[in-house]
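How does the following fold in three dimensions:
(chains A, B, C and D, ligands or ions: 4)
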Protein chains: 2
Amino acid sequence: MKNNITESSKCNAEDFPSVDGLRMTRQRSEVYSVLMSYRDHPTAGEVFERAKENMPTISLATVYNCLEALVQHGAVRQVNFERESSRYCPNLTEHGHFHDEESGKIIDVPLKKGAKLSDLLDLPEGAEIDNLEITLRGKISNN
Amino acid sequence: MKNNITESSKCNAEDFPSVDGLRMTRQRSEVYSVLMSYRDHPTAGEVFERAKENMPTISLATVYNCLEALVQHGAVRQVNFERESSRYCPNLTEHGHFHDEESGKIIDVPLKKGAKLSDLLDLPEGAEIDNLEITLRGKISNN
DNA sequence: TCAATAATTAGAATTATTCTAAAAATAGCT
DNA sequence: AGCTATTTTTAGAATAATTCTAATTATTGA
Ligand SMILES: [Mn+2]
Ligand SMILES: [Mn+2]
Ligand SMILES: [Zn+2]
Ligand SMILES: [Zn+2]
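Numbers count the residues shown, from 1 in each chain, chains lettered A, B, ... in the order given. Ligands and ions are numbered 1, 2, ... in the order given. This is a model prediction of the structure:
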């Protein structure tokens, strides 16, 4: 029952009126609410399909523009798996992504609190990390 | 003076005659030696340019085919940065990649020996990891 | 030697994304 | 409110990395 969006738990664009220094147009608000409501990792095309339900006139170019604006303002994250189309993630906590090969699902993988990256990696001398991406692929053996 | 390929240290295709269960054609051998000689992270296009120096008739389609075969047989690794073209890595030890925003260079980041991924990540119950990709972007402050 | 299979090749096709340029919306004045 | 500058949206064209197609060439192994 985790992360299951019921009809009554769905949000509307007006529930997300502002993102820091970004002018909130109707389209940006709609795209943002699509991501905040269904908390999965849709592609731009999937965001487009969902956004059209509420706003049938929105264009794919605008969805790309809105996603870019939201990413640049740190409101959502862009995640990439191999060469597949980019996906967009509403979870702003530090986390990686596990791609389940069986179900195709993408699962957020939280970074353990207090864990330091430098415990795992031999970082280059003087490296200042602006961005970290951790991607896992595999299966979930449920028995 | 690390990882500097001098003229005399360059290798030729015949220095890499075999990769486990993969039929070693002239083209595959050439592509493989390009990767093993210059130990950086070239794109398919860059591999193509380098391979043509020794084998002017090789085609880009073949370079893509060879790279795919080498990746599938675990002889080289494919690495992706955001939506850029794929790059190919000859380093088979477990490591991540640091993309230096200033120089554009890609630096291998070794995993510390003995470090466990589960110390850093809250992996999903029963996750069997087939593939791990760690990508870092940032600057190197040298002072 | 001779089929069967696999690899290479040039060029066409695909597809996610970006670009272009015109229309619409918005913001900041007066 | 009107006016103007700026930003955003939009449809459709363009781009570019990669994959596909179908013909040719190379290799295997009976
Ligand atoms: Mn998938
Ligand atoms: Mn770069
Ligand atoms: Zn996520
Ligand atoms: Zn590498």
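
for the residue nearest in space to the middle of chain A, phi and psi?
What sits nearest the mean C-alpha location of chain A, by CA atoms, centre = their mean, is residue A:89, with 0.5 Å. Backbone torsions for residue A:89, taken as degrees, to the nearest 10, come to phi -130, psi 130.

Which strand or helix spans the closest residue to residue A:120 other than its chain neighbours?
Leaving out its chain neighbours, the residue that sits closest to residue A:120 by CB to CB, 6 or more residues apart in numbering or on different chains is residue B:115, at 4.6 Å. All C-beta spots, glycine's among them, are computed from the backbone N, C-alpha and C. In this structure, residue B:115 sits in neither a helix nor a strand according to DSSP states H and E.

Next up, the contacts around residue A:137.
A:81, A:98-99, A:101, B:129-131 (CB atoms under 8 Å, 6 or more residues apart in numbering or on different chains).

Swap in 7 Å and give it another go.
A:99, A:101, B:130-131 (CB atoms under 7 Å, 6 or more residues apart in numbering or on different chains).

ok, back up a step: my read: the residue nearest to residue A:120 touches residue A:117, true?
No. Assessed by CB atoms under 7 Å, residue B:115 is found out of contact with residue A:117, at 10.3 Å.

what residue ranges in chain A score low on pLDDT?
For chain A, the stretches flagged by pLDDT under 70 are A:1-17.

Quick check: residues of chain A near DNA strand D?
Within reach of DNA strand D by CB under 7 Å from any atom of the strand, chain A has these residues: A:23, A:25-28, A:57-59, A:61-62, A:65-66, A:69, A:83.

can you tell me how far the residue of chain A positioned farthest from its centre sits from residue A:118?
Computed with CA atoms, centre = their mean, the maximum C-alpha offset from the centroid of chain A is found at residue A:125, amounting to 31.1 Å. Distance from residue A:125 to residue A:118, counting by CB to CB, to the nearest Å: 12 Å.

What of residue A:86?
29 Å.

which of those two has more neighbours?
Set side by side, residue A:86 and residue A:118 show more neighbours around residue A:86, with 16 against 12, by other CB atoms under 10 Å in any protein chain shown.

Just confirm that one contacts residue B:80, I think it does.
No. Between residue A:86 and residue B:80 there is no contact under CB under 7 Å: 11.2 Å.

Need the overlap of contacts for the two.
Taking CB under 7 Å, 6+ apart as the contact rule, residue A:86 and residue B:80 both touch residue A:80.

residues touching residue A:92, list them.
Contacts for residue A:92 (CB under 7 Å, 6+ apart) come out as residue A:77.

host element of it?
Per DSSP H and E: residue A:92 is located in neither a helix nor a strand.

which parts of stretch A:20-30 are buried?
The neighbour-count check on stretch A:20-30 (16 or more other CB atoms under 10 Å in any protein chain shown) flags A:22, A:27-30 as buried.

repeat for stretch A:71-80
In stretch A:71-80, counting by 16+ other CB under 10 Å, buried: A:75-80.
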